[in-house]
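1. what shape does this take:
(2 chains)
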Amino acid sequence: MDTLSAPLTIAFDYTRSLGPVLGRFMAGLRGGRVLGGRTSDGRVHVPPLEYDPGTHAPVTELVEVSPAGTVLSWTWTDRPLEGQPLDRPFGWALIRLDGADTALLHAVDAGGSDAMSTGMRVRIRWAAERIGHIRDIECFEPGEAGPDSGGDGADGAVVEIVTTPIRLHYRHSTSVEESGYLRGLAEGRIVGRRCPACRKVYVPPRVCPACGVATVDEVEVADRGTVTTFCVVNVPFAGQRLTPPYVVAQVLLDGADIPIPHLILGVPAAEVRMGLRVAAVWRDRADWTTTPENIDHFEPSGEADAPYETFAEHL
Amino acid sequence: MNGTSAGRVAVIGFAASDVSVTTSGVETLVPVFEAALARAALDRRDVDFWCSGSSDYLAGRAFSFVNAVDAIGAVPPIAESHVEMDAAWALYEAYIKILAGEASTALVYGFGKGTAGELARVLALQLDPYTVAPLWPDAISVGALQARLGIDTGLFSERDLAAVAAARDETSSVETLLDRPYLAMPLREHDVARVADGASAVVLAAADRVGGRRAAWISGIGHRVDPQGFGERDLTAVPSASAAAADAGGLDGVEVAALHAPFTHQELLLRRALGLPDEVRSVAFGSNPMFSAGLSRIGAAAEEVMSGRAAVAAAHATAGPLLQQNLVCVLRSGS
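-> A predicted model of the protein is given here:
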């Protein structure tokens, strides 16, 4: 059977505290200067280390190095990836700045791979707007340091936090079992699978987490069931679709042996209780696709509450 | 490891799969567990400790390893742990657990769907988050910087790299490989192990649980890590691999080595760093299934010993595009 898959993009702005060494290094970049850290053996590290690898003492001495340096190794990228320093073909290089004893990694805007070589001289091209981030170095370019290195030379306040946006793209693939469940939803059916060993029915279907075996037989379950437990959401958060307070509950569908989480609407939050009988409220049939979102929410069915014994095993 | 612990823990089963249908990998693991346990002649209820290696970044979802516990069948409750590393490091945790007397048997597993995302970008995020990762350097470009340093210093040539690839694939010749275009100069497509989906499992047992089973005894494991900064070490040396081999008791007498070398130049750097003579056979390394490739090297080395093809075998696992983190495990026949 063809299984369903869909694109998935996740994104998050990573914010990181810098501490005294990298905080000064980033402040230097903002001011158009590169600072290296001197360790007890006299070597200057760029980027600076926070602790001396020989003595383990904190590194406190930062010294300015040149914005120009020498390429120790390089490669060439014909097809830049999202987020990389340049959107046209460029070189990656390990560059030892004059005055430094270690190399840093960055991009070189050289035009073509023919212009790259081990030992070539390169200089920093500063970003137009500098905020105290490694990307304040836009890239390197062939050449020696000019009279104007970029900034006014003032470091200003230590940078305390850097923010790096992360965006990653995936194709999420479902199993045969999950695909059967999603296709059922597109037809208004809720389909689970039964474990051949313990006979429990899982919705959505999955490998039986109790027995560790694949579930085989498809079983259609009802679109109504019992609230086993619930919580009242009172806290607002980014991206929230409903106005608090509202109820998220575990709903044990009739015929299933594991509850699904869903919204309980159409009843004041204070009246939702364990054992409450609820029924699915489907969206307009014309909008159904292979997604659990076809069920908008659950609401009370009007039936008498289920006795505790009928769902006690599922708490 | 010193001599007092040598020979007290053995590999008794191994299985691997190069198939992964879903992002979660759960369905892939069920038959891998069954095969590894069958080879170990052990029931899953007789496994004292389960330990896995995988990464949420590969799957693009939080706590993805928790899903995988479904494949174990966790009723009644199990003892379980996880490392965000290749599962070779999970094996180290399980090995210590057995040595400490907290378990007699363990099943170690690694899994990942390396093809689910843009792996080259995903792997950039394992690098220094302040000064490197924000540039999004892809793993192949970073590996290429190391390969060029090796070529510039005369350790090997592009022809030598092609010879490593040709030895892995009988259908190719060095001449035809050298005619192909660069992927990231000086690396060509054959220099980069194909990223694949996959899973593997290794079963460990303490001496008193091995019984009459086939066994490859672990005589030592070491693992070491390099400094974080690229510029802080000579990238043509792999000091953390050398140190890990020493911690594992050294590689004297090793007849076969299963090395985890995602690039052809890294196989040459590793053989040099580990001091492996030419007569030491290599177990061919094909694709690079993330998070199970290293564990599978231990499984492959153990198979060499259990089958009688070798009396002493070495396995190696790595993490990072520049061999920044290395684990070496030595396996022997007899106890």
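2. what residues are bridge-paired with the closest residue in space to B:Leu204 that isn't next to it in sequence?
-> Nearest non-adjacent residue to B:Leu204, counting by Cβ to Cβ, 6 or more residues apart in numbering or on different chains: B:Ala106, 4.5 Å away. C-beta here means a position set from N, CA and C on the backbone, and glycine is covered the same way. Under the criterion DSSP bridges, B:Ala106 forms beta bridges with B:Phe49, B:Leu204.
3. what's the distance between B:Ala106 and chain A?
-> Between B:Ala106 and chain A the computed distance is 16 Å (Cβ to the nearest Cβ, to the nearest Å).
4. that residue touches B:Ile96, doesn't it?
-> No: using Cβ atoms under 8 Å, B:Ala106 makes no contact with B:Ile96, being 10.2 Å away.
5. these two: which is more packed in?
-> Neighbours per residue (other Cβ atoms under 10 Å in any protein chain shown) separate B:Ala106 from B:Ile96, with B:Ala106 holding more: 26 against 15.
6. from chain A, how far off is B:Ala68?
-> B:Ala68 sits 9 Å away from chain A, going by Cβ to the nearest Cβ.
7. mind listing what the residue of the stretch 201-335 of chain B found nearest chain A touches?
-> Using Cβ to the nearest Cβ, B:Gly231 is the residue of the stretch 201-335 of chain B that sits closest to chain A, at 3.4 Å. Counting by Cβ atoms under 8 Å, 6 or more residues apart in numbering or on different chains, B:Gly231 makes contact with A:45-46, A:94, A:96, A:102-104.
8. same for chain B: which of these are within range?
-> A:45-46, A:94, A:96, A:102-104 (Cβ under 8 Å from any Cβ of the partner chain).
9. what's the farthest-apart pair in those?
-> Maximum pairwise distance among the ones next to chain B among the contacts of B:Gly231 (Cβ to Cβ): 13.7 Å, between A:His45 and A:Leu94.
10. and those two? Which one has more around it.
-> The neighbour comparison of A:His45 against A:Leu94 (other Cβ under 10 Å) goes to A:Leu94, with 25 against 22.
11. and the more buried one, backbone torsions?
-> The phi/psi pair for A:Leu94 (degrees, to the nearest 10) reads phi -90, psi 120.
12. quick check: closest non-adjacent residue to it.
-> Spatially, and ignoring its direct neighbours in sequence, A:Leu94 is nearest to A:Ala103 (4.0 Å; Cβ to Cβ, 6+ apart).
13. just B:Leu187 next, same as before
-> Computed as Cβ to Cβ, 6+ apart, the closest residue to B:Leu187 that is not its neighbour in sequence is B:Ala144, at 4.7 Å.
14. now do the contacts for that neighbour.
-> A:75, A:92, B:184-187.
15. go through whichever strand or helix holds B:Val122 and flag the buried ones.
-> Using DSSP states H and E, B:Val122 maps to helix B:119-122. Using 16 or more other Cβ atoms under 10 Å in any protein chain shown as the test for burial, helix B:119-122 gives B:119-122.
16. so for the next helix or strand after it, what gets flagged as buried?
-> Note on helix B:119-122: by DSSP H and E, the next helix or strand toward the C-terminus is helix B:139-152. Buried residues in helix B:139-152, counted by 16+ other Cβ under 10 Å: B:139-151.
17. ok, now stretch B:126-135?
-> Buried residues in stretch B:126-135, counted by 16+ other Cβ under 10 Å: B:126-128, B:130-135.
18. what's the pLDDT at whatever residue of chain A ends up closest to chain B?
-> Here the residue of chain A nearest chain B is A:Gly212; by Cβ to the nearest Cβ that distance is 2.6 Å. Here the pLDDT value assigned to A:Gly212 is 91.
19. look up the closest residue to the spatially most central residue of chain B, ignoring the ones flanking it.
-> Centroid-nearest residue in chain B, with Cα atoms, centre = their mean: B:Gly294, separated by 0.8 Å. Nearest non-adjacent residue to B:Gly294, counting by Cβ to Cβ, 6+ apart: B:Ala317, 2.5 Å away.
20. what about that neighbour, helix or strand, and which?
-> strand B:312-319.
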